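Chemist: One predicted model, sequence on top.
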Amino acid sequence: MSTLRSPDVTWQRPHVGREEIEGRLGQRGAVVWLTGLSASGKSTLARLSQRALFDAGHLAIVLDGDNVRHGLCGDLGFAPADRSENVRRVAHVARLFADSGLLVIVALISPYREDRDRAREICNPDFLEVYVETSVETCEKRDPKGLYKKARAGQIQEFTGISAPYEAPLRPDFVIDCESTSAVDSSEQLLEGLREKGIVGADIRRAKVGSAL
Ligand code: ADX
């Protein structure tokens, strides 16, 4: 539980406990934190994995940077302090869901190590850091939203990989190579990793990734 809190508030214990939900869904609540450059493949990996998990009877939710910045974090920009606050808020939301037995797949650039370490502390011990590794050259070639082009033209400031730093994880729980591996294979790797960590059962091996493609 966080030490940061408003005055005169009391933690409300649920009537439906975490173990009950985990038992029904056959999974352990956890935060699967995908970090990597814009266009590295985080969102695709998150959505494909969520679909496959759902089809196998699990329940995963996706907290995507682009989506949380509509509303919850819509007041934040991309300066380092804003990115830190973005990570902090999303980590707390993720923790609330994981404490309810859900799998939470977070897809945020989250470029600073210190911020990700804080997210791990917030979600401890149910946190897996996954480095979605794709070179900036490849991301820039993909450029699905045309943002790299705008950043090069100086129309977007502090763009990660171009005019703002990305600090790659030093000891991630998993590295998924999204440079040369297909999205389906990357998702299968991630699901196998979750099985190895005991977050989902062996039944996930029968899950069909990519049926939504
Ligand atoms: S984070 O750095 O704070 O973790 P987040 O994942 O929430 O970033 O949002 C990244 C998304 O915002 C990118 O996918 C891209 O669409 C958009 N974006 C807009 N401006 C920037 C910028 N300056 N740097 C990186 N991404 C940006």
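Modeler: Yep, that arrived.
Chemist: From now on I want contacts and neighbour counts done on CA atoms only, so please keep to that.
Modeler: OK.
Chemist: For Arg89, which non-adjacent residue is spatially closest?
Modeler: What sits nearest to Arg89 in space, not counting adjacent residues and going by CA to CA, 6 or more residues apart in numbering, is Cys73, at 7.8 Å.
Chemist: Now the helix or strand where Arg89 lies: buried residues?
Modeler: Using DSSP states H and E, Arg89 falls within helix 80-98. Buried residues in helix 80-98, defined by neighbour count with 16 or more other CA atoms under 10 Å: 80, 83-84, 86-98.
Chemist: The residue nearest to Arg89 belongs to a helix, doesn't it?
Modeler: No. Cys73 is assigned coil when assessed by DSSP: H, G, I helix; E, B strand; the rest coil, not a helix.
Chemist: That one reaches Asn86, doesn't it?
Modeler: Yes. Using CA atoms under 8 Å, Cys73 is in contact with Asn86, at 6.2 Å.
Chemist: who's Val106 bridged to?
Modeler: Bridge pairing for Val106 (DSSP bridges) gives the partners Trp33, Leu63.
Chemist: hmm, back to that, could you give the mean pLDDT of the helix holding Arg89?
Modeler: Averaging pLDDT along helix 80-98 yields 98.
Chemist: helices and strands around that helix, which ones?
Modeler: Under the contact criterion of 3 or more CA pairs under 8 Å, 6 or more residues apart in numbering; DSSP states H and E, helix 80-98 touches strand 30-35, strand 103-107, helix 113-123.
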